[in-house]
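K.L.:
Sharing a model that was predicted from the sequence below.
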Amino acid sequence: EAQVTQNPRYLITVTGKKLTVTCSQNMNHEYMSWYRQDPGLGLRQIYYSMNVEVTDKGDVPEGYKVSRKEKRNFPLILESPSPNQTSLYFCASSLSAGSSEQFFGPGTRLTVL
Amino acid sequence: QQQVKQSPQSLIVQKGGIPIINCAYENTAFDYFPWYQQFPGKGPALLIAIRPDVSEKKEGRFTISFNKSAKQFSLHIMDSQPGDSATYFCAARGGLYAGGTSYGKLTFGQGTILTVHP
């Protein structure tokens, strides 16, 4: 089944404890992106990747890192999480930047205490 | 700065009603305008989309109306059903020669929570 998977789905952590949210797609997509969803703000792009080894900042990159060493994986790293990073996170992928559809993962709900 | 503004924030209609969700954008370099539907506990999924050279697109009960000169577009849901209850996001995609945004980037509206009562 073609899909985007994220792990973990739920995570409660404490301020300053490094964490990684994994994202993987099995559709051979070039373009991948991370979003955070907050009430009243919609989805905001954190980072995106046009292809392997090519990543760039989105609208809200502060406090996050990403890497794209393989085409299928695009992990999101929070080196020192803070409470304002409590949010619902989505990974998405598409065949290319110009594709008509981005496919979203199921989401990761992160709480930072 | 919110480049895509969506309203209303929430909407309640009776079954069979026609909810309308509106979006306005600022960047004329956007080249594609999708609507995503999100059910609780799920990721957003593409519902319907339109390109700026078309004024209307219809797929089943869902219709997008697009006004390029006003930089506005809207989603209409005909004969709404309780199963349409979800959060709806409009979005705009940065074009190949986009200014102020990056190629392929989706900029989302704030979302509309739609409730359709039986």
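P.N.:
Perfect, I can see it now.
K.L.:
residues in chain A within reach of chain B, list them.
P.N.:
Counting by CB under 8 Å from any CB of the partner chain, the residues of chain A close to chain B are A:4, A:31, A:33, A:35, A:40-45, A:48, A:50, A:56, A:58, A:90, A:92, A:94, A:96-102, A:104-107. C-beta here means a position set from N, CA and C on the backbone, and glycine is covered the same way.
K.L.:
Who are the contact partners of B:Val54?
P.N.:
B:Phe66 (CB atoms under 8 Å, 6 or more residues apart in numbering or on different chains).
K.L.:
Now do the same for it: helix, strand or coil?
P.N.:
coil (DSSP: H, G, I helix; E, B strand; the rest coil).
K.L.:
just the one 3 residues further on next, same as before
P.N.:
Three-state secondary structure (criterion: three-state DSSP) places B:Lys57 in strand.
K.L.:
what about the strands in chain A?
P.N.:
A:4-7, A:10-13, A:19-25, A:31-38, A:42-51, A:54-57, A:65-66, A:76-78, A:87-94, A:103-104, A:108-112 (DSSP state E).
K.L.:
Format the ones you listed as JSON lines; extra columns: mean neighbour count.
P.N.:
Converted to JSON lines, these look like this (neighbours: other CB atoms under 10 Å in any protein chain shown):
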{"stretch": "strand A:4-7", "mean neighbour count": "18"}
{"stretch": "strand A:10-13", "mean neighbour count": "13"}
{"stretch": "strand A:19-25", "mean neighbour count": "19"}
{"stretch": "strand A:31-38", "mean neighbour count": "24"}
{"stretch": "strand A:42-51", "mean neighbour count": "22"}
{"stretch": "strand A:54-57", "mean neighbour count": "14"}
{"stretch": "strand A:65-66", "mean neighbour count": "18"}
{"stretch": "strand A:76-78", "mean neighbour count": "19"}
{"stretch": "strand A:87-94", "mean neighbour count": "23"}
{"stretch": "strand A:103-104", "mean neighbour count": "22"}
{"stretch": "strand A:108-112", "mean neighbour count": "18"}
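K.L.:
Now mean pLDDT and distance to B:Gly43 too, for these, in JSON lines please.
P.N.:
Below are the strands of chain A laid out as JSON lines (pLDDT from 0 to 100; distance: least, CB to CB, whole Å):
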{"stretch": "strand A:4-7", "mean pLDDT": "98", "distance to B:Gly43": "8"}
{"stretch": "strand A:10-13", "mean pLDDT": "97", "distance to B:Gly43": "14"}
{"stretch": "strand A:19-25", "mean pLDDT": "98", "distance to B:Gly43": "11"}
{"stretch": "strand A:31-38", "mean pLDDT": "97", "distance to B:Gly43": "9"}
{"stretch": "strand A:42-51", "mean pLDDT": "95", "distance to B:Gly43": "10"}
{"stretch": "strand A:54-57", "mean pLDDT": "92", "distance to B:Gly43": "21"}
{"stretch": "strand A:65-66", "mean pLDDT": "98", "distance to B:Gly43": "18"}
{"stretch": "strand A:76-78", "mean pLDDT": "98", "distance to B:Gly43": "15"}
{"stretch": "strand A:87-94", "mean pLDDT": "98", "distance to B:Gly43": "5"}
{"stretch": "strand A:103-104", "mean pLDDT": "98", "distance to B:Gly43": "3"}
{"stretch": "strand A:108-112", "mean pLDDT": "98", "distance to B:Gly43": "10"}
